[in-house]
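Make a model of this:
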Amino acid sequence: MTGDTGMGDRLLGTLGIADGKGVVRVADRFPADIETVWSALTDPSRLARWYGEVEGDLRAGGEFRVRVFASGWEGTGRVGACEPPRRLVVTGKEPDQPGGDVSEVTLAADGGQTILVLDQPGLPLDQLAAYGAAAQVHVEDLAAHLAGRERCDADARMDELLPAYQGLAANVG
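Numbering: from 1, shown residues only. Sure, this is the predicted structure:
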């Protein structure tokens, strides 16, 4: 499972291109039921334990503010789709950023476990490796939270993951 110490270079993500923009996909399996994983993704008090401070309306069409722990990123967002407990689409952006970055999370129950897939399309190609590594850090932090552990040292984990994602990015195209 993700979030374990000594994970080394285990990559959860793939990188690609669609319509001339970068695409990140990160997938993992969690030893938790789908409702528990959904709650960790949509309950602000649970998000504050592993992802960041989120305030606002997390229902479809709702708007929110966020400060992400791993990167320090701050911005606003909008919920494009919220289909409990299977699909969540959000767009986050910095104050002067046009459009924003889309993230779609889909969950599938598999017995008592849950399969999570995170898709992030429309990314700048020159930053694709960093987006891939950051997405994996977030998924690993979710796994740690679900297992009752603390989130990782994001800077150190990014340093570990970035070379492998740079290798993937070099082969995209």
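
Which helix in this protein has the most residues?
For the chain, the helix with the greatest residue count under DSSP state H is helix 128-146.

who does the helix or strand just after it touch, helix- and strand-wise?
Counting by DSSP states H and E, the next helix or strand C-terminal to helix 128-146 is helix 154-170. With contacts taken as 3 or more C-beta pairs under 8 Å, 6 or more residues apart in numbering; DSSP states H and E, helix 154-170 sits against strand 13-18, helix 128-146. Just so you know, the C-beta spots here come from the backbone N, C-alpha and C atoms, and that holds for glycine as well.

Name the residues that touch the shortest one?
Around strand 13-18, the neighbours that count as contacts under C-beta atoms under 8 Å, 6 or more residues apart in numbering are 22-27, 121, 125, 128-129, 132, 135-136, 165, 168-169, 172-173.

Skipping its backbone neighbours, what lies nearest A40 in space?
R46 (4.8 Å; C-beta to C-beta, 6 or more residues apart in numbering).

Report the separation between the one you found and S71.
Distance of R46 to S71, given as C-beta to C-beta, to the nearest Å: 19 Å.

what's the answer for A133, then?
11 Å.

Which one of these two is surrounded by more residues?
Per other C-beta atoms under 10 Å, whichever of A133 and S71 has more neighbours is A133, with 26 against 15.

which residues does the more buried one contact?
If you count contacts by C-beta under 8 Å, 6+ apart, A133 has them with R157, M158, L161, L162, Y165.

Likewise for T36?
Going by C-beta under 8 Å, 6+ apart, T36 touches T114, L146.

pLDDT below threshold where in the chain?
Residue ranges of the chain with pLDDT under 70: 1-9.

Quick check, V102 in contact with T91.
Yes - in this structure, V102 is within contact of T91 by C-beta atoms under 8 Å, at 5.1 Å.

where do the contact lists of those two overlap?
Applying C-beta under 8 Å, 6+ apart, one finds that V102 and T91 are jointly contacted by G80.

Secondary structure class of the closest residue in space to P84 that isn't next to it in sequence, three-state.
Closest residue to P84 apart from its sequence neighbours, by C-beta to C-beta, 6+ apart: W38 at 6.0 Å. At W38 the chain is in helix, as set by DSSP: H, G, I helix; E, B strand; the rest coil.

Distance check, W38 against V26.
In this structure, W38 and V26 are 17 Å apart, going by C-beta to C-beta.

So for the two, which sits in the more crowded spot?
More neighbours surround V26 than the other of W38 and V26, with 25 against 22 (other C-beta under 10 Å).
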